[in-house]
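Colleague: Let's see this in three dimensions:
(one chain, ligands or ions: 1)
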Amino acid sequence: MEWFDPYLNAGFLTFGIMNFSSKLIEEAVQAFASLPGIGKKTALRLTLHLVGQDPEYSRDFASALTQMRENIRHCKDCHNISDNDICTICGNPGRDRSLVCVVEGIRDVMAIEETGQFRGLYHVLGGIISPIEGVGPEQLNIDSLTQRVQQGEIKELILAISPTIEGETTMYYLSKKLGEEDVKISSIARGVSFGGDLEYADELTLGRSIQARIPYRNAHDSGAGS
Ligand SMILES: [Zn+2]
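Modeller: Numbers count the residues shown, from 1 in each chain. Reported below is the predicted structural model:
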């Protein structure tokens, strides 16, 4: 490791055009640099770090990525990311199966789990309705949500979707689609996700907003005779 550090500290490798004397190094740098948020300099630093370690380190690193990518899947029930057909949340007998939190993506599940204040299950839509981006309801996990509701075990759906125009459209669509079913529909309290996505809301606020949820229809169709 040490024999490479002086070069890094001197910095001359990271300036100017990167002319690699090694095709192997160049390919590794390109692989790192293809990741979001990783520039060429950082990619080079990471690559040289690997060069300085035992070959086993790189092997374990690559293996972790390959194993993850080849074996990760979506839970058959809630579409959360999972190592098995059914995720650990759905498979946990201690969770309240009558309560389902509907979210846009898996990072929302992680954010809500982080609060430690929700003991129900989830349903991951896999996006939100966005005509501009060509995402319609049929591309989202909405049919499977309807099926789950129709199985009768779910008493309440909590729509934990950011109140953007697309988010509102999605919530409205879901409330219409599921309005005839025997299920209560609520949404998380407003003001949670101001300026951004659920995943950025702080844990306490997000946790509280789930506790202090409000009936969806009362809040959004007010004036329409409830
Ligand atoms: Zn699941």
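Colleague: tell me the mean pLDDT for the helix or strand that contains Glu166?
Modeller: Using DSSP states H and E, Glu166 falls within helix 165-178. The average of the pLDDT scores along helix 165-178 is 92.
Colleague: what pairs with the lengthiest strand in the chain, and is each one parallel or antiparallel?
Modeller: Within the chain, and with DSSP state E defining each element, the longest strand by residue count is strand 96-103. Paired strands of strand 96-103, with direction, are strand 120-124 (parallel), strand 156-159 (parallel) (DSSP bridges).
Colleague: Buried deepest among those strands, which one?
Modeller: Burial of the strands paired with strand 96-103 is given as mean neighbour count (mean count of other CB atoms under 10 Å); strand 120-124 ranks first at a mean of 24. C-beta coordinates here come from the backbone N, C-alpha and C atoms, glycine included.
Colleague: relative to helix 165-178, how tilted is that strand?
Modeller: Calculated by axes from the mean of the first three to the mean of the last three CA atoms, to 10 degrees, strand 120-124 forms an angle of 110 degrees with helix 165-178.
Colleague: coming back round to it: columns distance to the ion on top of the strands paired with strand 96-103, output as TSV?
Modeller: Below are these laid out as TSV (distance: least, CB to the ion, whole Å):
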stretch	distance to the ion
strand 120-124	7
strand 156-159	15
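Colleague: Kindly reformat these as CSV containing distance to Asn92 and mean pLDDT.
Modeller: Converted to CSV, the strands paired with strand 96-103 look like this (distance: least, CB to CB, whole Å; pLDDT from 0 to 100):
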stretch, distance to Asn92, mean pLDDT
strand 120-124, 9, 98
strand 156-159, 18, 95
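Colleague: buried stuff in the helix holding Glu166?
Modeller: Glu166, Gly167, Glu168, Thr169, Thr170, Met171, Tyr173, Leu174, Ser175, Leu178 (16 or more other CB atoms under 10 Å).
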